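Participant: Sequence first, predicted coordinates after that:
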Amino acid sequence: MPSSLQLLRWVAAAVSAVGAVQLLLAIAHGHGPGLPVGIVTAVAVAEVVAAVLFVLPGRAGRTGAIGLLAVYAVALVVHLLHEDHGVASLLVLAAAVWAVSREGR
């Protein structure tokens, strides 16, 4: 895999993991997004796990890519249902994960 795609893999994973950890910290301090805490926590933990898997080679990386794309899809739907149209970063992350995972085939 070209080094530019490796960099994109690591950046997408880091941005995803940091965002999920920030969400978990907000929930821990009582500043959740107004959705059921258990569901938001589960999605955030899934995002961290998927981000870690995404940087690993082989089947683990593919599993991480699928996990991240699933988390982004859920987040996109939730944001749109709550009339929050600031989803550009989700779309960019999804495109990055898709591009990296397609190249690794």
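Facilitator: Great, that's in hand.

Participant: And whichever strand or helix holds Gly38, what does it pack against?
Facilitator: Following DSSP states H and E, one finds Gly38 within helix 37-54. For helix 37-54, the packing partners by 3 or more Cβ pairs under 8 Å, 6 or more residues apart in numbering; DSSP states H and E come out as helix 3-28, helix 59-81. All C-beta spots, glycine's among them, are computed from the backbone N, C-alpha and C.

Participant: Looking at the ones you listed, which is nearest to Ala99?
Facilitator: helix 3-28 (6.9 Å; Cβ to Cβ).

Participant: Check the spacing between Ala70 and Ser3 real quick.
Facilitator: According to Cβ to Cβ, to the nearest Å, Ala70 and Ser3 sit 27 Å apart.

Participant: more neighbours, those two?
Facilitator: Per other Cβ atoms under 10 Å, whichever of Ala70 and Ser3 has more neighbours is Ala70, with 14 against 7.

Participant: Check the spacing between that one and Leu25 real quick.
Facilitator: From Ala70 to Leu25 the distance is 23 Å (Cβ to Cβ).

Participant: Measure how buried the closest residue to Val15 other than its chain neighbours is and give me the count.
Facilitator: Nearest residue to Val15, sequence neighbours excluded (Cβ to Cβ, 6 or more residues apart in numbering): Leu93, at 6.4 Å. Leu93 has 21 neighbours, counted by other Cβ under 10 Å.

Participant: hmm, back to that, for the helices and strands packed on helix 37-54, could you give me CSV that also reports distance to Val48 and mean pLDDT?
Facilitator: Formatted as CSV, the helices and strands packed on helix 37-54 follow (distance: least, Cβ to Cβ, whole Å; pLDDT from 0 to 100):
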stretch, distance to Val48, mean pLDDT
helix 3-28, 5, 95
helix 59-81, 10, 95
